[in-house]
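In: this is a predicted model, with the sequence first.
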Amino acid sequence: MRGARVADASRHSRLRNILGGSAGNLVEWFDWYVYSAFALYFASAFFPKGDATAQLLNTAAIFAVGFLMRPVGAWAMGIYADHRGRKAGLTLSVTLMCFGSLMIALAPTYASAGLLSPAILIAARIIQGLSLGGEYGSSATYLSEIADRERRGFWSSFQYVTIIGGQLVALALLVILQASLGEAAMQAWGWRIGFAAGAVLAIIAFIIRRRLDETLSYTNVAKRPDRMRSTIGNLWRHHRREALLVLALTAGGTAAFYAYTIYLQKFLANTSGFDRVTASRIMTVALTVMLILQPLVGRLSDRIGRKPIMVGFGIGGTLLTYPIFVALENTHAVLTAFALVMASLVVVTGYTSINAIVKAELFPADIRALGVALPYAIANAVFGGTAEYVALWLKDIGHERWFYIYIAALCACSLVAYIRMRETRSTSLIAEP
């Protein structure tokens, strides 16, 4: 009887920590995605000159700048999480994100402050980039370590549940504000509400994260006097192959994710010809379905392995990206557009649902946060954060379809890594049960 009560208490504690860690992760990504979701409205406030594509190109460039800071954040905060604990890393990252959101919410427009206005926007995104660079490694490591061995694919999938959830909540807030305020108010000042809401939610997430338990993996390794020091040098010397594998398997996955989610909202409005409200609603419903798929596919990986699912994404991304985007170019029916968007999101779910656990299972606990975070952040900076900018730039110079080929080619490159990688479910370096 006493053993059963202890087991129940352990399960309850695990569930509380997973939900608490996931809630904080959702807030972080909500703050990050508000920028992209509301860009259609605030672009002219910071970059008043040029047509709609030129203004979006400027905001996409700053979106990419935030990604360029993510490897720096991954390096600094990955080491911090390996030395001070996963909980400490999660708390620090959400504090930085709060500060960045507040800066944008209060930033003056170009009309009132000139070049100071986009300078503040750039500074805020740099801070948020540092935050998110550390967030991914800390949260992926935390959720992977806090989960039990038999359900690690399922529980770690909640990282992308919350990543997609953050984007979804940002889009949902946008739809609500569009309906209640109207286009004129949204253009003038309504976009600021999204960033202010992000700052407030980050404060709540900070409180939640302060109450989380530390993982057993970190607690055990922290007691060892002979544990490896978490540094870039040690990562390269002792885990070079794994780090390069993380970079390779992330390249196609992150490019496809940002192409199919972040950019598609603008694609529907800027290429397909849907109005901004309709485009936002299509993406909101599609992302809701995608969110539900994450734990289902994560649980499937606990049964059949991680590798077959990753290979499935690689094949789908390589073969289907071009025809899906071409079909969307001339689609004016809402249901047809939704079906095509949904097809792309189902494909990329093969990556999003399990990539966190695959990376965490490659590294030992003493260098796991850095090993997960740094190569992922580098791949994100090069291929994920620039995806929207590349798409808009190619559209601006009259070669939009080259972007579809670019994404398919990256998926093909990652497919090679998926085929060659070992099955991490059966060779996991997460030692705890």
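Out: Thanks, I have it.

In: where do the helices sit along the stretch 251-400 of the chain?
Out: Using DSSP state H, counting those that start in this stretch, the helices of the stretch 251-400 of the chain run over residues 264-267, 276-304, 307-329, 334-352, 355-360, 368-379, 387-396.

In: nearest to Val65, of those?
Out: Checking the helices of the stretch 251-400 of the chain against Val65 by CB to CB gives helix 387-396 as the closest, at 9.8 Å. In this view, the C-beta of every residue, glycine as well, is placed from N, C-alpha and C.

In: just to revisit the earlier point, dump the helices of the stretch 251-400 of the chain to a markdown table, plus mean pLDDT.
Out: Conversion of the helices of the stretch 251-400 of the chain to a markdown table gives the following (pLDDT from 0 to 100):
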| stretch | mean pLDDT |
| --- | --- |
| helix 264-267 | 86 |
| helix 276-304 | 91 |
| helix 307-329 | 96 |
| helix 334-352 | 96 |
| helix 355-360 | 93 |
| helix 368-379 | 92 |
| helix 387-396 | 88 |
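
In: what does stretch 106-125 rub up against?
Out: Applying CB atoms under 8 Å, 6 or more residues apart in numbering, the contact partners of stretch 106-125 are 35, 45-48, 58, 62-63, 65-66, 69, 100-101, 103-104, 192.

In: farthest-apart pair in those, please.
Out: The span of those, defined through CB to CB, is set by Pro48 and Met69 at 25.8 Å.

In: and Leu171, what does it touch?
Out: Tyr33, Ala37, Gln265, Ser280, Met283, Thr284, Leu287.

In: around the last one, count how many other residues there are.
Out: In other words, Leu287. Number of residues near Leu287 (other CB atoms under 10 Å) recorded here: 25.

In: leaving out the residues flanking it, which one is nearest to it?
Out: Leaving out its chain neighbours, the residue that sits closest to Leu287 by CB to CB, 6 or more residues apart in numbering is Leu168, at 4.7 Å.

In: residues contacting the one you found?
Out: Taking CB under 8 Å, 6+ apart as the criterion, Leu168 is in contact with Thr284, Leu287, Thr288, Leu291.

In: what's the third one in contact with, if anything?
Out: This means Thr288. Thr288 is in contact with Leu168, counting by CB under 8 Å, 6+ apart.

In: where does the residue nearest to Leu287 land on pLDDT?
Out: Note on Leu168: pLDDT of 82.

In: quickly find the element holding it.
Out: helix 158-185 (DSSP states H and E).

In: so that helix versus helix 334-352, what angle?
Out: Counting by axes from the mean of the first three to the mean of the last three CA atoms, to 10 degrees, helix 158-185 lies at 140 degrees to helix 334-352.

In: coming back round to it: and the helices of the stretch 251-400 of the chain: which comes nearest His238?
Out: Here helix 368-379 is closest among the helices of the stretch 251-400 of the chain (CB to CB), at 9.7 Å.

In: if we can go back for a sec, can you list the buried residues in the helix holding Leu168?
Out: The neighbour-count check on helix 158-185 (16 or more other CB atoms under 10 Å) flags 158-175, 177-178, 181 as buried.
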